[in-house]
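**Student:** Whatever this is, show me its structure:
(one chain, ligands or ions: 2)
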Amino acid sequence: MPMIRAFSKVAKDLFRTKGCGCEPLIVSVRSITFSPRQVTTDASFHSVSFSETDHPKVLITGGLGQLGVGLAKLLRKRFGKNNVILSDIRKPSSDVYHSGPFIYSDILDYKNLREIVVNNRITWLVHYSALLSAVGEANVSLARDVNITGLHNILDISAEHGLRLFVPSTIGAFGPTSPRNPTPDLCIQRPRTIYGVSKVHAELMGEYYHHRYGLDFRCLRYPGIISADSQPGGGTTDYAVQIFHDAVKSGKFVCNLRPDTRLPMMFIDDCLRATLEVLEAPAESLSMRTYNINAMSFTPEELTKEVQKQLPDLQVTYEIDPVRQAIADSWPMNFDDHNARKDWGWKHDYDLPELVQTMFNFIGSESRLAHAN
Ligand SMILES: NC(=O)c1ccc[n+]([C@@H]2O[C@H](COP(=O)([O-])OP(=O)(O)OC[C@H]3O[C@@H](n4cnc5c(N)ncnc54)[C@H](O)[C@@H]3O)[C@@H](O)[C@H]2O)c1
Ligand SMILES: C[C@@H](O)[C@H](N)C(=O)O
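**Tutor:** Ligands and ions are numbered 1, 2, ... in the order given. Predicted coordinates:
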């Protein structure tokens, strides 16, 4: 295999010059025509570098969840409608289907994924497919397949085709032995959920592929994300979205976390903007490949008080879900994101009062519309 021989030679040369072998081995996949999964020797011939096109050609996996449709909207505004392809294993709503390109893609189907990347000349991949924390605990084996095996497919295809790869991580990548208030970028990570374990795996594998094969891997650890026009997919932070809908619909909300459970949270617009910003950041500005990003941090009690400023009659009761509570108790209470702020200028726009106002503006206008029809 000429490619493996070439690799061995480069590796030998590198080890020879580095001496002790303790420095990171930086080998660009394209410079030595070697990819992690054994493919045809001219695989890198097919890769399209961003410089060949005016705009990146983006594929979003798992795009029909809470975050994907909003991200597609933002990226399409920037790069053009046809340059951003949403994909998922679910059927898109008619609105989503007509808003831009959509493709069926199961990330566990490696060949199909590769075909999509090749046929559409994809240059950036945003990998959103995942089973979130609570759903993952209810189905560990599926979570392992989707979150770990699926990620391996994504990493190999991205390395093989020279893609820029964004994979989100989460506050859930930390555990009870991590410092929780605040949680820095680099510290002990021993999560106790399959979701968290798979996300630490994704961070480490992405960084490994970056150092080993030159993969342009970028990763943000998102807090719990709050959105008005999309539903969360089964996580521990879902209560902070549901409270708004129940408050408007019935004036009552049953919270499944204790009133004093403090977690980092972020409004979706900030999260999606951060994603675009880190994707566009010049490589030289990134001193790391995995960053915490933060906006606010609150408890159910504090959120309730802020919501009651708009809806004073809202009644909140507590029925604790032991699975979600145990997860939340092991997660960060506050996130330290000073590296993101320093390196690529991260700055959030929404604190708790603006978040609550914006949620009510949106949900209020939706329900007025529904009543009018
Ligand atoms: N929403 C949050 O609060 C939050 C916070 C931190 C990190 N994240 C991360 O951001 C990403 C997107 O989150 P989300 O909230 O939109 O998730 P979500 O659960 O709402 O959506 C995930 C999507 O993945 C799809 N999917 C599942 N199995 C698949 C498969 N085999 N092939 C292709 N797609 C598959 C699902 O159909 C679903 O549409 C996830 O990786 C998540 O871990 C989200
Ligand atoms: C925090 C995040 O990863 C997701 N919303 C969850 O709770 O699982």
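**Student:** OK, contacts around residue 243?
**Tutor:** Applying C-beta atoms under 8 Å, 6 or more residues apart in numbering to residue 243 gives the contacts 253, 255, 300, 303-304, 307, 316. Where you see a C-beta, it was placed from the backbone N, CA and C, and this is true even at glycine.
**Student:** try 6 Å this time
**Tutor:** residue 253 (C-beta atoms under 6 Å, 6 or more residues apart in numbering).
**Student:** Output the one helix or strand it maps to in PDB with nothing but the alpha carbons.
**Tutor:** Residue 243 belongs to helix 239-250 when elements are defined using DSSP states H and E. Only the C-alpha atoms of helix 239-250 are listed here, as PDB (Å, rounded to 0.1, in the frame of the first residue of the first chain):
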ATOM      1  CA  TYR A 239     -38.100  22.400  31.500                       C
ATOM      2  CA  ALA A 240     -36.800  25.900  30.600                       C
ATOM      3  CA  VAL A 241     -38.600  25.800  27.300                       C
ATOM      4  CA  GLN A 242     -41.700  24.000  28.400                       C
ATOM      5  CA  ILE A 243     -42.500  26.600  31.100                       C
ATOM      6  CA  PHE A 244     -43.200  29.300  28.500                       C
ATOM      7  CA  HIS A 245     -45.600  27.200  26.500                       C
ATOM      8  CA  ASP A 246     -47.500  25.900  29.600                       C
ATOM      9  CA  ALA A 247     -47.600  29.400  31.100                       C
ATOM     10  CA  VAL A 248     -49.300  30.800  28.000                       C
ATOM     11  CA  LYS A 249     -51.500  27.800  27.500                       C
ATOM     12  CA  SER A 250     -52.800  27.000  31.000                       C
END
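**Student:** For the residue in the stretch 51-200 of the chain positioned nearest to ligand 1, what is the enclosing helix or strand?
**Tutor:** Residue nearest to ligand 1 within the stretch 51-200 of the chain: residue 65 (1.9 Å; C-beta to the nearest ligand atom). Assessed by DSSP H and E, residue 65 sits outside every helix and strand.
**Student:** Next one: it, what pLDDT does it get?
**Tutor:** pLDDT, residue 65: 98.
**Student:** can you pull out the strands in the chain?
**Tutor:** For the chain, strands defined by DSSP state E occupy the ranges 58-61, 84-88, 102-104, 124-127, 164-166, 169-170, 216-222, 224-226, 252-255, 263-267, 290-292, 296-298, 315-318.
**Student:** In its sheet, which strands sit next to the second one, and in what direction?
**Tutor:** Strand 84-88 pairs in its sheet with strand 58-61 (parallel), strand 102-104 (parallel), by DSSP bridges.
**Student:** could those strands be laid out in TSV, adding distance to residue 123 and mean neighbour count?
**Tutor:** What follows is those, written out as TSV (distance: least, C-beta to C-beta, whole Å; neighbours: other C-beta atoms under 10 Å):
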stretch	distance to residue 123	mean neighbour count
strand 58-61	8	26
strand 102-104	16	16
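**Student:** And those strands: which comes nearest residue 219?
**Tutor:** strand 58-61 (14.6 Å; C-beta to C-beta).
**Student:** how about low-confidence regions in this structure?
**Tutor:** Across the chain, the ranges flagged by pLDDT under 70 are 1-35, 38-53, 367-373.
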